[in-house]
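Chemist: next one to model:
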Amino acid sequence: MEFLFLLFLGKPLWMWLLFVTLVVALLAFDLGVLHKDGDHEIGVAESLKLSAMYIALGLGFSGFVYWQMGWEPTAHYLTAFVVEKTLAMDNVFVIALIFTFFAVPRAYQHRVLFWGILGVIVLRGIMIGLGATIVASYSWVLYIFAVFLIFTGIKMMFVGDKEHNIADNALLKFIKRRFRVTDDLHGNSFFVTKPDTGGKMVRYATPLFIALILIEIADLVFAVDSVPAVFTITTDPYIVYTSNIFAILGLRALYFALAAILHRFAYLKYALSLLLVFIGSKIFVADLMGWEKFPPSWSLGITFAILGAGVFFSLWKTKGTTPPVARPAE
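Modeler: Numbering: from 1, shown residues only. I've put the predicted structure just below:
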């Protein structure tokens, strides 16, 4: 059993295996118990319960971090978890647009998001592994991350919301040109076999599979912001990866809970922009003050204050408003 105590990315192998086992168990529980009856439409009440469960598990894991690593890494983990969870709000908005464009029924959306989460777990692991290797060899890269976050936050603050037009997406056009894609959904199938124009039976991708691909690409785009943000909070790969994955695991539940009320968070982007500027500026403030690092407890408290103010202001300003009418799928 000595191999369990071998170090992998700075932590004993058993800590990584414990986390992976927990994630696999959660996914198996989700698919084999919560949704063993197959496709069904997830209501707001069920999604709120699932969201609460995943948030509780994510916060509960901080107890394990505290037990093994102490208070400072725990503060880093909680800050990273909250930041990643909040940045996922934009991801939820784009997912809603994709599902609306392809007219995906709510009963099939869970299947797309479940497989999407599996892809995200792998892709985030690769990105974080590469990021940790680069930061360990070239610590000055953190300053590039910081400047990028400050620039992104300022741009988000002053540039208006960009309207996403899925029909003009270059990747979607490329897929339709290069691959066989059906015009209509075929139940919850990602692929179907049907005759082509010559009568030969060939395999086609369905719009459900294209929606899955676009959701994976959207997460990669959002990861460009969120992964550097977490690395400026902490460079510990274990904290970065576990906080990211626990925040993402609840993304499906978060989507079903928030898809119908996203308009109530119309002003949250200003809090997110301010948060990105704050996270990016911490490394420069620490250097200016002569600190070894920005105090983790301050970072956690300021993060909660910014996001809390953003949520309350947004709910207050949008009180009594109704969601916009969705554009019919093309």
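Chemist: could you pull out the helices for the stretch 101-250 of the chain?
Modeler: Secondary structure of the stretch 101-250 of the chain by DSSP state H, counting those that start in this stretch: the helices cover 106-137, 141-158, 170-178, 207-233, 237-249.
Chemist: just checking, what packs against the fourth one?
Modeler: Read it as helix 207-233. Counting contacts by 3 or more Cβ pairs under 8 Å, 6 or more residues apart in numbering; DSSP states H and E, helix 207-233 is packed against helix 71-101, helix 106-137, helix 141-158, helix 170-178, helix 237-249, helix 268-289. The C-beta positions use only the backbone N, C-alpha and C, and glycine is treated the same way.
Chemist: buried set for it?
Modeler: 207-216, 218-219, 222-223, 225-233 (16 or more other Cβ atoms under 10 Å).
Chemist: quick one: mean pLDDT for it?
Modeler: Helix 207-233 carries an average pLDDT of 85.
Chemist: convert stretch 307-316 to CSV, retaining C-alpha atoms only.
Modeler: The C-alpha trace of stretch 307-316 is given here as CSV (Å, rounded to 0.1, in the frame of the first residue of the first chain):
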residue,chain,number,x,y,z
LEU,A,307,-21.1,38.5,-5.3
GLY,A,308,-23.6,39.0,-2.5
ALA,A,309,-24.0,42.7,-3.5
GLY,A,310,-24.3,41.7,-7.1
VAL,A,311,-27.0,39.2,-6.5
PHE,A,312,-29.1,41.4,-4.2
PHE,A,313,-28.8,44.4,-6.5
SER,A,314,-29.8,42.3,-9.5
LEU,A,315,-32.8,40.8,-7.8
TRP,A,316,-33.9,44.2,-6.6
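Chemist: any low-confidence regions in the stretch 151-300 of the chain?
Modeler: 159-165, 167, 259-263 (pLDDT under 70).
Chemist: any idea which element the nearest residue to Val92 once chain neighbours are set aside lies in?
Modeler: Excluding its sequence neighbours, the residue lying closest to Val92 (Cβ to Cβ, 6 or more residues apart in numbering) is Tyr255, at 5.0 Å. According to DSSP states H and E, Tyr255 maps onto helix 251-258.
Chemist: may I have stretch 82-101 as CSV, with CA atoms only?
Modeler: Presented in CSV, the C-alpha positions along stretch 82-101 are these (Å, rounded to 0.1, in the frame of the first residue of the first chain):
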residue,chain,number,x,y,z
VAL,A,82,-17.5,30.2,-5.2
VAL,A,83,-15.7,32.0,-8.1
GLU,A,84,-16.1,29.0,-10.4
LYS,A,85,-19.8,28.5,-9.4
THR,A,86,-20.6,32.1,-10.1
LEU,A,87,-18.7,32.2,-13.4
ALA,A,88,-20.8,29.2,-14.5
MET,A,89,-23.8,31.6,-14.7
ASP,A,90,-22.6,32.7,-18.1
ASN,A,91,-22.2,29.1,-19.1
VAL,A,92,-25.8,28.4,-18.1
PHE,A,93,-27.0,31.2,-20.3
VAL,A,94,-25.2,29.9,-23.4
ILE,A,95,-26.4,26.3,-22.7
ALA,A,96,-30.0,27.7,-22.6
LEU,A,97,-29.5,29.4,-26.0
ILE,A,98,-28.1,26.2,-27.5
PHE,A,99,-31.0,24.1,-26.3
THR,A,100,-33.5,26.7,-27.5
PHE,A,101,-31.9,26.9,-30.9
